[in-house]
Each structure stands twice: as C-alpha cells, then as structure tokens.
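# build me a structure from this.
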Amino acid sequence: MFAAIGIFFLLGYLLGSVNFAVLVAKKHGVDILKEGSGNPGATNVKRVLGKGPGNLVFALDVLKGFVGAGLPYLLLRMEETPQAAEIHFTICVAGFVGTLLGHCFSCFLKFKGGKGVASTIGGLIVLLPIPILIGATLWGLIFLLSRYVSLASIILGVSLPVSCWVLPLFTTLKFSPAEFWFAAAIAAFNVWTHRSNIGRLLAGTENRFTKKA
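Numbering: from 1, shown residues only. Model prediction:
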C-alpha cells in the first residue's frame, strides 16, 4: 500500500507540474508569467489571450486532475471489500494530491504554479462526484452574480465539506470520515492558495471579469 501511495503521488506530481497555461500562452508568443496577474493559470490566460486559449487551459487542467486521481482506478485491481475500497480511495487521493501540488508548485517553474481550481474539479469528479457537482453549480452562480472568479472558486472549495456533512442528513448518500476530512483539507488548501485574492476582495481591488464592448 505505501509503495503504491508513493508511486502514484510521484506520478501525479510530475503530471501536475506540466503547466498548460505556460505552454498554451507560449504557443501564442506570450510569457504568461509576465503578463496580467503573472499567475500561470486558466483565468490569467483567458484575461490576457481571450476565451479560446483560456477555456483550453481550463479543460486541460481539469483533465490533468481527472487523470491524476483516476490512474489508480485504471491500473490497480483490488478486491470488492470495504477495506479494499478505503485503501483504493487513499491511493487515488495520493495521486490527486500529487497532481495538485505539482500544479501549484511545479518543479519545471521553480516551484511556482496556478491556484489549482480546475485540477481540483477534475480530481474530485473521480473522488467526490456529487459534492463537486454542487460546488461547480455554486461556482457558476456566484461568478454570474459577482463576476469574481476568485470568490466563486473559494465558495466552491468551502462547499465540499459542507456537502459531505449536509447531504447525508437529507438524502441516502453516505460519506466516510476519510472523505469528509479529505474534502475539508481541499477546502483549506483552496482558501490558502487564494489568500492574496481574499485580501484584494476585502480591499475592493480584486479584478473582476467584465464583458467587453
């Protein structure tokens, strides 16, 4: 088990370290690290290069998270028992965490990177599909109302453990303690990576997306 955790964590980290924002922007002759906010993520690419390149980076980052979390499901064959399912989930989490850390602290970018929202969505489609569906819906609603990507992303992250706690009270869905605390850790990491955005939101200086005339 520990060997599998280490292997998939490392594979995830190397996968996550491949920064698609930098690669797509470079294809357009732009160093995204020196343009806009300087953040190598889909939001900054969309702000600098437009909707097409920005959406492409977002989709690739989602796919990156999905693959990082899903590789253990594809490559490992385990018994159909509750204990085996918990071990399988833990290994998938290791792959996802490696991917997320690689995205945020890429070994190819001197340990700099994006905020990890798109990669989080991709990974949680595998690990927590219902909570991330709720979170993505909230993201869309908050963004449409406020036009702040950062605020929508923070709400998405915080909604994950809330969904894991509330849904079993009103539905037949069940989440293990490991799934709840995993969701809580993702929410905390999401808030931490957006700490500078929170400061700007409070100060009223955060950039918001507006429709161009």
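
# pLDDT below threshold where in this protein?
In the predicted model of the chain, residues 78-80, 211-213 satisfy pLDDT under 70.

# and the lengthiest helix in it, how far out from the chain middle?
Counting residues, the longest helix found in the chain (DSSP state H) is helix 51-75. Put simply, helix 51-75 sits 9 Å off its chain's centre (C-alpha atoms, centre = their mean, to the nearest Å).

# hmm, who's touching it?
Applying C-beta atoms under 8 Å, 6 or more residues apart in numbering, the contact partners of helix 51-75 are 4, 8, 11-12, 15-16, 18, 20-21, 24-25, 28, 41-43, 45-47, 88, 91-96, 98-100, 103, 114, 118-127. Backbone N, C-alpha and C define where each C-beta goes, glycine included.

# hmm, try it at 6 Å
The contact list for helix 51-75 (C-beta atoms under 6 Å, 6 or more residues apart in numbering) reads 8, 12, 15, 20-21, 24, 42, 45-46, 91-92, 95-96, 99, 118-119, 121-123, 125-127.

# mind listing which of the residues you listed are in helices?
Per DSSP H, these map to helices at 8, 12, 15, 20-21, 24, 42, 45-46, 91-92, 95-96, 99, 118-119, 121-123, 125-127.

# if we can go back for a sec, list the buried residues of the longest helix of the chain.
Judged by neighbour count using 16 or more other C-beta atoms under 10 Å, the buried positions of helix 51-75 are 53-54, 56-58, 60-62, 64-73.

# where does T172 land in three-state SS?
coil (DSSP: H, G, I helix; E, B strand; the rest coil).

# how many residues are close by it?
By the criterion of other C-beta atoms under 10 Å, T172 has 6 neighbours.
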